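A.B. asks: Test case, fold it:
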Amino acid sequence: MDVVWLKRDVRLQDHGPLSHVATTRTKNPVIVLFLYEPDQLAEPTVHGSHLLFLHEGLIDLELQLQLNSNNKTAEGNGDKVVFKYITVAHCSAIDAFQFIHRKYTIKRLLAHQETGHWQSFMRDREVRKFCRCNSIPFTEFNQTGVTRCLKSRDDFSANFQKFISRPQHPAPNIPILCQRIVQLKDLPGFMPNLKLSLDQFSEIPQEHRQDRPDRQQKGGLTKAWATLDSFLSERGCKFSQGISSPNTAWTTCSRLSPYLTWGHISHRHVIHALKQRQEQLRKMKLQGRNVGTWLKGLQAFSSRVHWRSHFIQKLESEPTMEKRDLCSAYQGLRRQDNDWNEEYYQAWAKGTTGFPFVDACMRCLI
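C.D. replies: Numbering: from 1, shown residues only. I've put the predicted structure just below:
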């Protein structure tokens, strides 16, 4: 049994694990697994809006599998549509893998590398230990250009360019892949229904167990591709001028951040599409056609895409920065008894400090 462990990579295109299991000679049955892990849900940064966005990606992926398999009809209708191919469960990673290994024997575990918070770092260490103890090959694919165990960050740019220059993983042949997929309906915490109820996640505080009012962006690979297309064909020309203004950034920014964060589109796919658009614009300019501010805007966006992986690399190389200040001299700052000021905190959270720039930023967020 091969297990493809989905984390922040809910997509079909440029997906290393899915592409690999679909193209290798082995015909092992495949479990496509996504876990709502209790220890990860308990992190204070988790909010219901994150989970709903993520789950919209799972629904999109599931429907892509259902509609493009030999069975053209999605199971059920409306809110009653169920997962048929993806195994979704509310269960810890170790408990899930132990259950699968006892029942089927895991031949291979495949996933993308993830650079997340400290709790996910510790979870991944436990999973790797479990695989070593049970002689299970665990293959992790790069998806951000970040290098594990990088000896010097001076080498980051060269490694990143090598990663970006490689071709994207080919999309799997869905009908053939779906014939091999096995769904584990008896996995502890199995969640069959596509509709997600946040109330089932008791690990999340009640006040975070809800969506954000009027959330504008919906998750899924279909939405991600449409957002990238609208940026490269319509909105990106004003990126440089509008990025710093709360009034214009809503439309002039790429709006790709959540899709990249949850892996509904790959980092490499975005950069490849960006380079193709830049090359098209350069040819148009050589032909004497007016390209306006397009090249300037997309060059600025290209720099920020590079910075994204650069800062992920910093967290990968120094995971303790979540727990300790980068500058040790500041470690004790604002951590003394009676340092907390609830009135100041509420003013900051609501955008009512009286400092215009700070308040404008916070009001945009809320």
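A.B. asks: So the residue lying farthest from the centre of the chain: helix, strand or coil?
C.D. replies: The C-alpha centroid of the chain is most remote from Gly288, which lies 40.3 Å away (Cα atoms, centre = their mean). At Gly288 the chain is in coil, as set by DSSP: H, G, I helix; E, B strand; the rest coil.
A.B. asks: Ramachandran coordinates for it?
C.D. replies: Dihedral angles of Gly288 (phi, psi; degrees, to the nearest 10) stand at phi 90, psi 10.
A.B. asks: who does Ile181 bridge with?
C.D. replies: Val30 (DSSP bridges).
A.B. asks: Report the contact partners of it.
C.D. replies: The contact partners of Ile181, by Cβ atoms under 8 Å, 6 or more residues apart in numbering, come to 29-32, 65, 85. Yep, even glycine has a C-beta here, placed from its N, CA and C like the rest.
A.B. asks: Leu51: which of those is nearest?
C.D. replies: Val32 (18.8 Å; Cβ to Cβ).
A.B. asks: Tell me the confidence at that closest one?
C.D. replies: The pLDDT attached to Val32 in the predicted structure is 97.
A.B. asks: Would it be right to say that it lies in a helix?
C.D. replies: No - applying three-state DSSP, one finds Val32 to be strand, outside a helix.
A.B. asks: The contacts of Ile181, buried ones only, as a ChimeraX selection?
C.D. replies: In ChimeraX, a selection of the buried entries from these looks like this (16 or more other Cβ atoms under 10 Å):
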select :30,31,32,65,85
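A.B. asks: could the contacts of Ile181 go into JSON lines alongside distance to Ile271?
C.D. replies: Conversion of the contacts of Ile181 to JSON lines gives the following (distance: Cβ to Cβ, whole Å):
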{"residue": "Pro29", "distance to Ile271": "34"}
{"residue": "Val30", "distance to Ile271": "29"}
{"residue": "Ile31", "distance to Ile271": "31"}
{"residue": "Val32", "distance to Ile271": "26"}
{"residue": "Leu65", "distance to Ile271": "26"}
{"residue": "Tyr85", "distance to Ile271": "29"}
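A.B. asks: what two of the contacts of Ile181 are the furthest from one another?
C.D. replies: Pro29 and Leu65 (15.3 Å).
A.B. asks: Pro188 against Ile94, yeah?
C.D. replies: No - Pro188 is not in contact with Ile94 according to Cβ atoms under 8 Å; the separation is 11.6 Å.
A.B. asks: what comes up buried for stretch 352-366?
C.D. replies: 359, 362.
A.B. asks: How far off centre is that stretch?
C.D. replies: Computed by Cα atoms, centre = their mean, to the nearest Å, the chain-centroid distance of stretch 352-366 equals 27 Å.
A.B. asks: Check stretch 217-228 too.
C.D. replies: Here stretch 217-228 is found 12 Å from its chain centre; the criterion is Cα atoms, centre = their mean.
A.B. asks: ok, of the contacts of Ile181, which one's closest to His310?
C.D. replies: Using Cβ to Cβ, these come closest to His310 at Val32, 31.3 Å.
A.B. asks: Return the distance of the residue positioned nearest the centre of the chain relative to Asp186.
C.D. replies: Closest to where the C-alpha atoms of the chain average out (Cα atoms, centre = their mean) is Trp262, at 1.8 Å. For Trp262, the distance to Asp186 (Cβ to Cβ, to the nearest Å) stands at 28 Å.
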